[in-house]
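Student: Show me the folded form of this:
(2 chains)
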Amino acid sequence: MAAVTQNGASEAAREGRGGREPYAMPRRRTELLRIATAGSVDDGKSTLIGRLLYDSKAILADQLDHVVQTSERRGDGYVNLALLTDGLRAEREQGITIDVAYRYFQTPLRKFIIADTPGHEQYTRNMVTGASTADVSIVLIDARKGVSEQTRRHAYLASLLRIPHLVVAVNKMDLVKYDESVFYDILEEMTDWASRLQIPDITFVPISALRGDNVVEPSDRMQWYGASTLLYHLEHVVIAPDRNLSDLRFPIQWCIRPYSSEHHDYRGYAGQVAGGILRPGAEVLVLPGGRRSTIAGIDTHEGEVPAAFPTMSVAVRLADQVDVSRGDMIVEAEDQPTAARELEAMLCWMSETPLQPRGRYAIKHTTRSARAVVEEIEYRVDINTLEHLAAPQLGLNEIGRVTLRCSAPLMVDAYSRNRTTGSFILIDEATNDTVAAGMVLTAG
Amino acid sequence: MRDPSVTAVRYELSHLQALEAESIHIFREVAAEFERPVLLFSGGKDSIVLLRLAEKAFRPGRFPFPIMHVDTGHNFSEVVAFRDRITDALGERLIIASVQDSIDSGRVTEEIGPRASRNRLQTTTLLDAIEEHGFDAAFGGARRDEERARAKERVFSFRDDFGQWDPKAQRPELWALYNGRIRRGEHVRVFPISNWTELDVWQYIAEQRLEIPSIYFSHERQVFARDGMLYAHNEFVQLIDGEEPFAESVRYRTVGDMTCTGAVRSTAATLQEVVAEIAATRITERGETRADDRVTEAAMEDRKREGYF
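Tutor: The predicted model follows:
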């Protein structure tokens, strides 16, 4: 049992014991898993993250000492694991989390990156930022309060950003006497709500972050729950099929041209694979323009490789002397993205200055930049009820559907098909700020 | 016909391969979108990893940027020798920005006393060099696991024309779409290994067989104890009454100035032993070895706001 009491925690850490053995060199290769969490201090989110870091040995003695001292000074009355994740001075003073913080921990199976964001509606843009690269989203529910507006909003954002796996952690089970019926009521209500969203995989875990039940170690106080602990689930959830291995998408970032005597004619088109599998010998098209060529070879610093797949960074040689530059994309003839200047997209607005119809911005999509004008705001989504509302403009943290027209064609896929070729950002050219995150619905 | 050796591939990356691919992508984005990038090299393990990642991003071509070392004049001699050797072997251009020059020209004033350090003076030298050369992007080896303020810093960390970081005015960073737009006089610090941990760095060094300065391995050295840490007994530090140098088997976990970088007792003499030691350690590298982060609770945040690395 890892039921380390709150006050026993620092002692245990100093002696180097706790729920698990310290991380050792992996016996097999470890995978990377990106997690997004959203929630307020009230939900116990920071405590949960502190618990995951602590029980998996990612917290070291000096960090914990610091938390112990700060807890005492603040008069918290217990070792406040939430303090581990409060980074900036303003946040510590106000006791809130105001940005995206990244946390890291590792087990022999996986390395985890947690993008930790505050849960209130005014931090929607932070949540969207944290969610943009996540494989798994953890939504916390306070067992005493049940499904709240905030929970529904978090699940909606996970769905909007197409995070493939959702984990609903029903927290504070200790405060409802580990009652099975409380858990199943929440499960039913959330399943109901999720049926209105696009979430391919949803898992429920009853936990107590404070006491450690079902976080890293199974709880003997919830015998009725026969499934995985939260960490076990995070270690084993299958993510490989989430990548798109069927549609080849290779946006060109940079052309490697050494001009040296040894590599006089070398020309390598460098980039990170955004979809599909690149193989030498494959017949490809270079967009826009549609020039045809064949992949002559795929290079890495270690030498040639027989295949490149997401998210490898490689350099591609083509058999023909075609004119290729940054912003172009290598694809297959029979499976092309849409090259379009008109886009239908969902936008999350991130600036204090609202989006006005006819607003003009710089748009960045894969390695290509252009200018875009917002032709129309079709509607805004009430992210608590999913209702579509008429919207003369989009304000900070608001999400809506828009039509964009671009100064040059972009090679896009629907965001639901490819999170890399389906996403873009808008930049205000006067302030240089990133003002919106965009997800392509259709193009044409 | 499909090559059977290809179909046997599992199309999966290890966590280090995934981190490496992300870092290479960042290097290439900066090279493509900025006019004058520079790579800040300290001689430490993180910047050694940066050099390897730059090779991966741009070879067989040359780096599309020079390498710059901010030399405090208080570096370990082993590290300076290593710096010259490695940049020479790479065949890339090295710029040395000297804190001594900043002192001589009156740009900064040397601290005095037994606890004097040039650590803070580096910021002026760095910002002057950035301005002098017109650099618009500077790669650094900072990692988010190092410290709580860094946990919230973006990969592209925007700096105003005073080099200052404003944690509340950071641009949202979505997907792998980095916004590198700046005005004249502003620059961006770019941290390609933001998502790496100390252990990742060591595993990568072991996997890639990267050469690192000898002070990372255990060696016998004359040290003295101060504030619970061991420092090298050297010409740049005055001893305080009661401090007695003694010989100890030590190694360094981080590479900084001799005046403010502590050594740890260790017998780890090989990379494997160092990795094992790091994996089992119970104290963070900055907590164990950097006096500069101990001054106040928000020491790093304050220095970053002023334009530190």
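Student: so who does residue B:188 touch?
Tutor: Counting by Cβ atoms under 8 Å, 6 or more residues apart in numbering or on different chains, residue B:188 touches B:34, B:136-138, B:156-159, B:180, B:182. C-betas here are computed from N, CA, C, even on glycine.
Student: The same query, at a cut-off of 10 Å, please.
Tutor: B:30, B:33-34, B:37, B:135-139, B:154-159, B:171, B:178-182 (Cβ atoms under 10 Å, 6 or more residues apart in numbering or on different chains).
Student: List the buried residues for the one helix or strand it maps to?
Tutor: Applying DSSP states H and E as the criterion places residue B:188 in strand B:187-190. Residues B:187-190 are the ones in strand B:187-190 that count as buried (16 or more other Cβ atoms under 10 Å in any protein chain shown).
Student: Chain A: which of those residues is nearest?
Tutor: Taking Cβ to the nearest Cβ as the measure, chain A lies nearest residue B:188 of those, at 10.6 Å.
Student: okay, the buried residues of strand B:187-190 in TSV with distance to residue A:353 and pLDDT next?
Tutor: Shown next, in TSV, are the buried residues of strand B:187-190 (distance: Cβ to Cβ, whole Å; pLDDT from 0 to 100):
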residue	distance to residue A:353	pLDDT
B:187	25	92
B:188	22	94
B:189	26	95
B:190	27	97
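Student: Tell me which two of these sit farthest apart.
Tutor: Greatest spatial distance among those (Cβ to Cβ): B:187 and B:190, at 9.6 Å.
Student: joint contacts of these two?
Tutor: Going by Cβ under 10 Å, 6+ apart, residues that sit against residue B:187 and also against residue B:190 are B:34, B:37, B:137-138, B:157.
Student: and these as JSON lines, adding secondary structure, neighbour count and pLDDT?
Tutor: Shown next, in JSON lines, are these (DSSP: H, G, I helix; E, B strand; the rest coil; neighbours: other Cβ atoms under 10 Å in any protein chain shown; pLDDT from 0 to 100):
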{"residue": "B:34", "secondary structure": "coil", "neighbour count": "20", "pLDDT": "97"}
{"residue": "B:37", "secondary structure": "strand", "neighbour count": "22", "pLDDT": "98"}
{"residue": "B:137", "secondary structure": "strand", "neighbour count": "23", "pLDDT": "96"}
{"residue": "B:138", "secondary structure": "strand", "neighbour count": "26", "pLDDT": "96"}
{"residue": "B:157", "secondary structure": "strand", "neighbour count": "23", "pLDDT": "92"}
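Student: Which of these lies at the shortest distance from residue A:72?
Tutor: Closest to residue A:72, out of all of the shared contacts of residue B:187 and residue B:190 and judged by Cβ to Cβ, is residue B:157, at 33.6 Å.
Student: what about the helices in the stretch 1-150 of chain A?
Tutor: Taking DSSP state H, counting those that start in this stretch as the test, the helices found in the stretch 1-150 of chain A are A:8-14, A:45-55, A:61-74, A:89-94, A:124-131, A:149-160.
Student: What parts of the stretch 151-300 of chain A come near chain B?
Tutor: A:161, A:239-240, A:243, A:245, A:252-260, A:262-263, A:266, A:268, A:270-274, A:277, A:279-281, A:299-300 (Cβ under 10 Å from any Cβ of the partner chain).
Student: Keep only those of those residues that are in strands.
Tutor: A:254-256, A:268, A:270-272, A:299-300 (DSSP state E).
Student: May I ask which of the residues you listed has the most neighbours?
Tutor: residue A:271 (29 neighbours; other Cβ atoms under 10 Å in any protein chain shown).
Student: Touching, it and residue A:367? I think so.
Tutor: Yes. Using Cβ atoms under 10 Å, residue A:271 is in contact with residue A:367, at 7.0 Å.
Student: shared neighbours, these two?
Tutor: A:251-254, A:326, A:328-329, B:25, B:28.
Student: on that earlier part again, which of the buried residues of strand B:187-190 lies closest to residue B:251?
Tutor: Within the buried residues of strand B:187-190, proximity to residue B:251 (Cβ to Cβ) peaks at residue B:189, which comes in at 28.7 Å.
Student: Using a markdown table, lay out the shared contacts of residue B:187 and residue B:190 together with distance to chain A.
Tutor: Output for the shared contacts of residue B:187 and residue B:190, formatted as a markdown table (distance: Cβ to the nearest Cβ, whole Å):
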| residue | distance to chain A |
| --- | --- |
| B:34 | 12 |
| B:37 | 12 |
| B:137 | 14 |
| B:138 | 18 |
| B:157 | 13 |
